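Colleague: sequence first, then the predicted structure, then my questions.
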Amino acid sequence: MPAAVVAFAFGSPNTLRSNRAIAEMASAMAAALGLPVYAVLDVCLLRQGVEVHLTAENYPERVPTLREARGAVAWALERRIDLFWLCAATPHVVRCRRDLAYAIRERDAAIAVKIAPDAGLHPDDFWFCPDSTQLDTRISACGDCGRLF
C-alpha cells in the first residue's frame, strides 16, 4: 500500500512551537516508514533524506486546509498513493480529516486517511501560540469550540 504523510500547519510562521512539533511528527514518521511528505512552507521538515512536496502557495498568505487537501489528493493520484498519514495539531485534526475526506470524494479517489499516533501527544493548549500571525491559532477558544479552527 503506497502511503504518504500529509502535514498541516497550525499558525504561522514555521518557527512556532506548534509547527515545529508538527514538522517533527511528520519527519519522524516519514523517516521511520520511508514515506514522502506533502506539506506547506510553515511545516519545515527537520530530518535529512525525507522527500518533501510543497503545496502551491503565495507565502506568507494563509493556505486553507481544503486547498492543501486538494493539492495532496492530486499529488497522491499522480503517485498512486492510497494511504495518508495525517499529521496536525490536536485541535486541527478534525478539520484536516474532514477536508481530506472532501477532497478525496471530489476526485472519486480511493485514499484512506489515518491519524498519526503522535497527533494526540500534546494537550490542546500546547498548540496555541501567542506569537502566531493567525489570530485563530493564538488563543484557544472556550471548551471544544477551539476544535473548529
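Modeller: Here it is on my side, so go on.
Colleague: in CSV, list the C-alpha atoms belonging to stretch 68-81.
Modeller: Extracted C-alpha coordinates of stretch 68-81, given in CSV (Å, rounded to 0.1, in the frame of the first residue of the first chain):
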residue,chain,number,x,y,z
GLU,A,68,-3.8,21.9,0.9
ALA,A,69,-6.1,18.7,1.0
ARG,A,70,-6.9,19.1,-2.7
GLY,A,71,-3.3,19.5,-3.6
ALA,A,72,-2.4,16.4,-1.5
VAL,A,73,-5.0,14.4,-3.3
ALA,A,74,-4.0,15.5,-6.8
TRP,A,75,-0.3,14.7,-5.9
ALA,A,76,-1.3,11.3,-4.4
LEU,A,77,-3.2,10.3,-7.5
GLU,A,78,-0.2,11.1,-9.7
ARG,A,79,1.9,8.8,-7.5
ARG,A,80,-0.7,6.1,-6.9
ILE,A,81,-0.7,6.7,-3.2
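Colleague: helix or strand right after the lengthiest helix in the chain?
Modeller: Longest helix of the chain, by residue count under DSSP state H: helix 17-33. Moving toward the C-terminus from helix 17-33, the next helix or strand (DSSP states H and E) is strand 37-39.
Colleague: partner strands of that following strand, parallel or antiparallel?
Modeller: strand 3-7 (parallel), strand 52-54 (parallel) (DSSP bridges).
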